[in-house]
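Enquirer: Turn this into a model:
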Amino acid sequence: MRRLFLVAILCGATAGWVAPARAYDEPSVNLGFTSFLDGAPPAGPGVYYTEYLQWYYTQRFPGAPVALGKLDRLNAWIALQQLIYQSNQKVLLGGKWGLDLIQPFVAFELKSQASLATESGPGDLLVGPFLQWDPIMGKDGPVFMHRFEFQMIAPTGRYDHNALLNAGSNFLSLDPYWAATWFVLPQWTMSWRFHYLWNDQNDNPGMGLDTEQPGQAIHANFASEYELVPKHLRLGVNGYFFEQITDSRANGSDVAGHEQVVGLGPGLVWHISQNDHVFFDAYYEFAAEHRPEGQRYNLRWVHHF
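Expert: Numbers count the residues shown, from 1 in each chain. So this is what the prediction gives:
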């Protein structure tokens, strides 16, 4: 029997299923946690603290293994605590170094015909050294700003190979990304964050498997917004996609079937002050294959010390 991961809900916290069929095995990644003005920290160099709260809900499970029986609904509540240090020291090609740390916590509520155990708690720690470039300026202000981060997801979260749903993944993932913001006009921006995901092997999947390794994938967040209240309120649309591009492997053999999903919805950012910013994003998923299809609601507070 295979260990199968239920849904990529958050950065670093994964949910694991056990079943003798292919699907639902990708780890959790950043789908919709970041959106507007993603190309740079909002207040320049320094220390940032960010609190994320997200609720994910679904009643649709495309491609779910038949052995699991009928799945009625899933609620997941996710909290992320993030610390960022952005230096003012240029080290490579004009980029200033920084460090990103994220600790997730997750709680699951699953309704199904079968009795499926869950293991809520702390998820996997994210560590990301990065390079941030200064904004390219025009006559009316910034025109373009961007960053590259080598993000790693360490297998530190709560994990029990006998549980069907886990907060931790029990394998290392590398998920580097490039994020950028383009100021089309001073009041109108477009932002994106492109990731490439590579997953290591899980050497303790349990339930009859010796090893398993989820396939590689690409995923991205994207957003566009317009400033309605100068220096205070921006409204727009945001979205994400996830596309698995290589087969997963179980006991060294390829297993067919790739995961994909798209999410799209409205969002806003409220600039309380230069040092405090609140983001709200809603996402409605579609075009899902081999993974759940639901709704996400994300609230984020960013504070610059």
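Enquirer: Only C-alpha atoms from now on, for both contacts and neighbour counts.
Expert: OK.
Enquirer: Quick check: buried residues in the helix or strand where residue 142 lies?
Expert: According to DSSP states H and E, residue 142 maps onto strand 141-149. Neighbour counts using 16 or more other Cα atoms under 10 Å place 142-149 of strand 141-149 among the buried residues.
Enquirer: again, but for stretch 53-63
Expert: Using 16+ other Cα under 10 Å as the test for burial, stretch 53-63 gives 53-58, 60-63.
Enquirer: I'd like those written out as a markdown table, with secondary structure, distance to residue 192 and pLDDT added.
Expert: Formatted as a markdown table, the buried residues of stretch 53-63 follow (DSSP: H, G, I helix; E, B strand; the rest coil; distance: Cα to Cα, whole Å; pLDDT from 0 to 100):
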| residue | secondary structure | distance to residue 192 | pLDDT |
| --- | --- | --- | --- |
| 53 | strand | 21 | 97 |
| 54 | strand | 20 | 97 |
| 55 | strand | 22 | 97 |
| 56 | strand | 22 | 96 |
| 57 | strand | 25 | 95 |
| 58 | strand | 26 | 93 |
| 60 | strand | 28 | 90 |
| 61 | coil | 28 | 87 |
| 62 | coil | 27 | 88 |
| 63 | coil | 29 | 79 |
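Enquirer: Mind putting those into TSV with distance to residue 204?
Expert: Output for these, formatted as TSV (distance: Cα to Cα, whole Å):
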residue	distance to residue 204
53	30
54	29
55	29
56	28
57	29
58	28
60	29
61	26
62	26
63	24
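Enquirer: can you pull out the strands in the stretch 201-305 of the chain?
Expert: Applying DSSP state E, counting those that start in this stretch to the stretch 201-305 of the chain gives strands spanning 212-213, 217-229, 233-244, 248-250, 253-255, 260-273, 276-289, 293-304.
Enquirer: ok, the last one: who's next to it in the sheet?
Expert: By that I understand strand 293-304. Here strand 293-304 is paired, per DSSP bridges, with strand 46-60 (antiparallel), strand 276-289 (antiparallel).
Enquirer: Kindly report the same for the fifth one.
Expert: Sheet neighbours of strand 253-255, with direction, are listed as strand 248-250 (antiparallel) (DSSP bridges).
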